[in-house]
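**Student:** return atomic coordinates for the entry below.
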Amino acid sequence: MKICLRYLGDSGYQQGIGQELGVSQATVSRTVDRVVDSIVAQSNEWMKFPTTNHELMEAKRILQSM
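**Tutor:** Numbers count the residues shown, from 1 in each chain. Sure, this is the predicted structure:
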């Protein structure tokens, strides 16, 4: 997870991130791929997107007030 978060936080070269964290570029690549695939596979449980016009307007209102 740390490898993936590091890559997503600053998607520099995988080799450089691997050197920084003491793993190979291939490990960075595999880790990012697996973690992102896992997040996407479970996204319907964690994320809800607006499906009606009312929900969309409410989401916009909330985001604009931040």
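**Student:** so Ile3 sits right up against Val32, yeah?
**Tutor:** Yes: using C-beta atoms under 8 Å, Ile3 is in contact with Val32, at 7.0 Å. Using the backbone N, CA and C atoms, a C-beta is placed for each residue, glycine as well.
**Student:** grab the nearest non-local neighbour of Leu56.
**Tutor:** Closest residue to Leu56 apart from its sequence neighbours, by C-beta to C-beta, 6 or more residues apart in numbering: Pro50 at 4.1 Å.
**Student:** same check on Glu20?
**Tutor:** Closest to Glu20 by C-beta to C-beta, 6+ apart is Arg6, at 7.5 Å.
**Student:** count of neighbours near Ser56?
**Tutor:** Actually, residue 56 is Leu rather than Ser. A count of nearby residues for Leu56, using other C-beta atoms under 10 Å, gives 12.
**Student:** off-centre distance for the helix or strand it falls within?
**Tutor:** Counting by DSSP states H and E, the element that carries Leu56 is helix 53-64. Taking C-alpha atoms, centre = their mean, to the nearest Å, one finds helix 53-64 lying 23 Å from the centre of the chain it belongs to.
**Student:** separation between the spatially most distant residue from the centre of the chain and Val35?
**Tutor:** What lies farthest from the middle of the chain is His54; by C-alpha atoms, centre = their mean that is 27.3 Å. According to C-beta to C-beta, to the nearest Å, His54 stands 34 Å off from Val35.
**Student:** same check, this time on Pro50
**Tutor:** Pro50 is 26 Å from Val35, by C-beta to C-beta.
**Student:** those two: which is more packed in?
**Tutor:** Remark: of Pro50 and Val35, Val35 carries more neighbours, 16 against 12, as counted by other C-beta under 10 Å.
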